[in-house]
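Q: Sequence and predicted structure are below.
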There are 2 protein chains.
Amino acid sequence: MGISKSDYFSEEQNEIASLMKALGHPARIAIIEFLLQKKSCVCGAIVTELPLSQPTISQHLKELKNVNLIKGSIDGNSICYCLNQKTLKKIQKYIQLTIANVNECDTRC
Amino acid sequence: MGISKSDYFSEEQNEIASLMKALGHPARIAIIEFLLQKKSCVCGAIVTELPLSQPTISQHLKELKNVNLIKGSIDGNSICYCLNQKTLKKIQKYIQLTIANVNECDTRC
DNA sequence: TTTTTATATTGCAATATTACGATAAATAAT
DNA sequence: ATTATTTATCGTAATATTGCAATATAAAAA
């Protein structure tokens, strides 16, 4: 249906899935990487950097903002976006606590 | 358009985005977590565990398999799915090399 | 061989995502 | 005050995702 039954999963599972989903587009990965390099954090610079139109970038920024991966602050005429350390650390921590200790398949497989 | 201009981004950006996208659904997060706990790695067990129909689970498993997050091996009548350590490590490494060293916004923000 | 069990595939409806032109809104510059 | 600049929003078309019933497939059990 295109609807995901989020009620059936834990809050953490839903939250992590939301964050992963937000990172699940190359443009948004590129935005995150751009902000990590801190070349600039002004929206216009991102629009210049990426091969997408201004409305499209604005939409991607909104999605990243919706899950608190970035935050934007008004800076005169323009808007300065920067990464939300707290949320990124949350992802990192999740990866550490789960994925980090995978083992090879045991004999059952 | 629903089409993402993947040609415009780097191979790594596209690959990471694909992996994140595959993790961008609570059911698939739940599947990964289930396999991490290794209660069992047979498909049927996952169907029993999750509140989704068998075809839906099968579809989610297919998506995880498509990006090499899991691999399945035939075990008689059933199929044993297990995590692909290599791919999970790739995610972990990416997180380490990027997200892990975020700093707070500087004076420009 | 027939039946059961386990998983995959097909087909389809509902919804979501992606992209962008046009336009709005809001501040800056002239 | 007018114009330019910057970002957001609206509207819309194209495509993708999600979910499941029905059905197919394939091995196991009877």
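A: Received, thanks.
Q: What residues does chain A have near DNA strand C?
A: The interface of chain A toward DNA strand C, taken as C-beta under 7 Å from any atom of the strand, is made up of A:1-3, A:21, A:24-25, A:27, A:52-56, A:59-60, A:63, A:74, A:76-77. Any C-beta I mention is one placed from the backbone N, CA and C, and that applies to glycine too.
Q: can you tell me which of those residues are up against chain B?
A: A:21, A:24-25, A:27, A:52 (C-beta under 8 Å from any C-beta of the partner chain).
Q: among the residues of chain A next to DNA strand C, which ones are buried?
A: A:21, A:24-25, A:27, A:52, A:60, A:63 (16 or more other C-beta atoms under 10 Å in any protein chain shown).
Q: list the contacts for whichever residue of chain A sits closest to DNA strand D?
A: Of all residues in chain A, A:Gly44 sits closest to DNA strand D, at 2.6 Å by C-beta to the nearest atom of the strand. Contact analysis of A:Gly44 by C-beta atoms under 8 Å, 6 or more residues apart in numbering or on different chains lists A:Ser78.
Q: any idea which helix or strand carries it?
A: helix A:43-49 (DSSP states H and E).
Q: what's the spacing between that helix and its chain's center?
A: Distance of helix A:43-49 from the chain centroid (C-alpha atoms, centre = their mean, to the nearest Å) equals 17 Å.
Q: Next, the buried residues of it.
A: For helix A:43-49, by 16+ other C-beta under 10 Å, it's A:43, A:45-47.
Q: Counting neighbours, what do you get for A:Gln37?
A: 9 (other C-beta atoms under 10 Å in any protein chain shown).
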